[in-house]
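Chemist: got a sequence here, can you build the structure:
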Amino acid sequence: MKLSPASGGRAWLSLGALLALGSLLTWFTPGSSAWLDWQPQRVWHEPWRALSAVFVHWSQQHLLANLGACAVVSWFGWAARVPPRAALAFALAWPLTQWGLLIKPELLHFGGLSGYLHAGVAVVLVELVFGPASTPRQRRIGLAVTLGLIIKLWSEEPLGPPMRVLSGWDIAVAPLSHLCGALAGAFTAGVLLLLSSSRPR
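Modeler: A predicted model of the protein is given here:
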């Protein structure tokens, strides 16, 4: 069965809604962070943390900022008219984003949507730049945003200290999560795009 392009947009928006609603539910559930946040020492016997960590937020500012970013990423995918494979790539990048944090086991706790939302941005960019249905204008936009994303990630020094205190934030941030998310999204989107292009028409 061939899926319509519109189904990709609906799946993308549904995933965004799931992330937002899960984050809100977790915020209003006292003590939930203790059994939902990412903890590398528990990755093998509590594997659900690779998924549930995105719902954990450490302050109201953290939650609101990520809910706003979630709305932007949801709109980005919808406006780009991503195909169904993009929504699948976004979903597959979910645990990969957290597993990437294992390169810094000293990051003992992590929670939040920001790393995974970078995966969503990367998925859309792969589709815009390399997708067979992209127009020249979309490719130019995709390349410009890709350059901006690379500069952002580089400026954050993600391979430096695992936690960083930034002016204007009431929590410490983990820049590595942004890099892990972007790489996870680019990887899953690239693989699914290659598989799609090699499939007999």
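
Chemist: residues near Leu147, how many?
Modeler: Counted with other C-beta atoms under 10 Å, residues neighbouring Leu147 total 10. The C-beta positions use only the backbone N, C-alpha and C, and glycine is treated the same way.

Chemist: just checking, what packs against the host helix or strand of it?
Modeler: Leu147 belongs to helix 136-155 when assigned by DSSP states H and E. When contacts are defined as 3 or more C-beta pairs under 8 Å, 6 or more residues apart in numbering; DSSP states H and E, helix 136-155 packs onto helix 114-130, helix 175-198.

Chemist: so what secondary structure elements neighbour the shortest one?
Modeler: Translated: helix 114-130. The contact analysis (3+ C-beta pairs under 8 Å, 6+ apart) places helix 114-130 against helix 60-79, helix 84-99, helix 136-155, helix 175-198.

Chemist: pretty sure Gly9 sits against Trp75.
Modeler: No - judged on C-beta atoms under 8 Å, Gly9 makes no contact with Trp75 at a distance of 10.5 Å.

Chemist: between these two, who's got more neighbours?
Modeler: Shown here are Gly9 and Trp75; by other C-beta under 10 Å, Gly9 has more neighbours (21 against 13).

Chemist: how much space between the spatially most central residue of the chain and Cys70?
Modeler: What sits nearest the mean C-alpha location of the chain, by C-alpha atoms, centre = their mean, is Tyr116, with 2.2 Å. Distance, Tyr116 to Cys70, using C-beta to C-beta, to the nearest Å: 9 Å.
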